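Visitor: Dropping the sequence and predicted coords here.
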Amino acid sequence: MRAIVCKDWGDPETLELGELPEPALGPGQVRIRMRAAGVNFADCVLVRGQYQEKPELPFAPGLEGAGEIMEVGDGVTEFKPGDRVMAVVSTGAYAEQAVCEATTVFHMPDGMDNATAAAFPVAYGTSHLALVHRAKLKAGETVLVLGAGGGVGLTAVECAKAMGATVIAAASTPEKLELARARGADHLINYTEEDLRGALRKITDGNGVDVVYDPVGGELAQTAMRSLAWSGRLLVIGFASGDVPQFPSNYLLVKNISIVGVYWGAYRTREPETFRAGFAELAEWWAAGKLKPHVSQVLPLADVAKALAMLEGRQATGRLVIDIDG
């Protein structure tokens, strides 16, 4: 099968379009004819051998995708050949076929196309888990979303609004902020032009924000932490800036602040009921028109390395998607 092949650990530009054997199908698994795949920052970390999980070489990267069920393994009753699905596959989405556990596969909601479905599971799943289960966000609370114009940032804006929160979107360009506004953000901060802490103090009348959603890290995370209200929660989503922040424990103590890690992928095996329940609520929000995934660009399979470079260079707004057949 055609696939993007990672032969050795290295930067994304070392990835090649080639061929890999069709993956074997085991009990409890499904085989998917992939039509589209989402592009994620975690793929960059994975191909460098720096991710929490390290697959055997050679392999096809790609964490999520969409397509049709080709075949089901023993014990699988929820799916049948021909079903349109979206899936979290860990590795293998950048290929014509992928095999994964049926528990990480979801029927595609009515009216959703392949490109949208391919970009849906990881970003929305992460934001839902972070806000609902890790932050325990309540209606009426205030959420600051850093990197609000990016793939996960936009989904956090939408999920927080669906939960009744006031959302402050912070991003680096007017274009990204306008996307956040279109997704429901109540306040906008361009942190390349404004002092983030001063702007937050003004918006919240000095009270601070209840929750910070942080996929960026670095100095922005430090500033956001100091802008939290009493008993505020900072959600550690990722480190797109490349800088892993260190937080002063005395500040956490004085303001009763919680720094909360969010490793969404681990819920697939550690808490599968929570993992699947999140998608049930996301499907309801999609049907109600509360979620409007923004796919900014669709690229062919041969351009996976280019797409990952765009993501690392923070040149993308919303989500990038790979067209497996294009």
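Guide: Everything's here; your move. Numbering: from 1, shown residues only.

Visitor: contacts and neighbour counts: CA atoms only from here.
Guide: OK.

Visitor: can you pull the buried residues of stretch 318-326?
Guide: Of all the residues in stretch 318-326, those buried under the rule 16 or more other Cα atoms under 10 Å are 318, 319, 320, 321, 322, 323, 324.

Visitor: And for stretch 207-215?
Guide: Using 16+ other Cα under 10 Å as the burial criterion, the residues of stretch 207-215 that qualify are 208, 209, 210, 211, 212, 213, 214, 215.

Visitor: Kindly state the beta-bridge partners for the second one.
Guide: Per DSSP bridges, residues listed as beta-bridge partners of residue 209: residue 228.

Visitor: and it, what pLDDT?
Guide: Turning to residue 209, the model gives it a pLDDT of 98.

Visitor: and what of residue 51?
Guide: Note on residue 51: pLDDT of 80.

Visitor: Any chance of the buried residues of stretch 318-326 in TSV with distance to residue 256 as columns?
Guide: TSV is the format used below for the buried residues of stretch 318-326 (distance: Cα to Cα, whole Å):
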residue	distance to residue 256
318	33
319	35
320	38
321	40
322	43
323	46
324	48
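
Visitor: nearest to residue 257, of those residues?
Guide: Distance ranking of the buried residues of stretch 318-326 against residue 257, using Cα to Cα, places residue 318 first at 29.8 Å.

Visitor: For the closest residue to that closest one other than its chain neighbours, what are phi and psi?
Guide: In space, residue 318 comes closest to residue 151 once its chain neighbours are excluded; the distance is 4.2 Å by Cα to Cα, 6 or more residues apart in numbering. Here is the backbone geometry of residue 151 (degrees, to the nearest 10): phi -60, psi -50.

Visitor: Let me know the pLDDT of residue 151.
Guide: Reported pLDDT for residue 151: 86.

Visitor: Test my guess that it contacts residue 124.
Guide: No: taking Cα atoms under 8 Å as the contact criterion, residue 151 and residue 124 are not neighbours in contact, 9.2 Å apart.

Visitor: Look at those two and report which has more neighbours.
Guide: Between residue 151 and residue 124, counted using other Cα atoms under 10 Å, the more crowded position is residue 151 (28 against 24).

Visitor: Just the C-alpha atoms of stretch 209-220, please, in PDB.
Guide: Coordinates of each C-alpha in stretch 209-220 appear next as PDB, following Å, rounded to 0.1, in the frame of the first residue of the first chain:
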ATOM      1  CA  VAL A 209      -9.400  34.000  34.500                       C
ATOM      2  CA  ASP A 210     -10.700  30.800  35.900                       C
ATOM      3  CA  VAL A 211      -9.100  28.400  33.300                       C
ATOM      4  CA  VAL A 212      -6.100  28.700  31.000                       C
ATOM      5  CA  TYR A 213      -6.000  26.400  28.000                       C
ATOM      6  CA  ASP A 214      -2.400  26.200  27.000                       C
ATOM      7  CA  PRO A 215      -1.100  24.400  23.900                       C
ATOM      8  CA  VAL A 216       1.800  26.900  23.500                       C
ATOM      9  CA  GLY A 217       4.000  26.800  26.600                       C
ATOM     10  CA  GLY A 218       7.000  29.100  27.100                       C
ATOM     11  CA  GLU A 219       6.700  32.700  28.400                       C
ATOM     12  CA  LEU A 220       3.000  32.900  27.400                       C
END
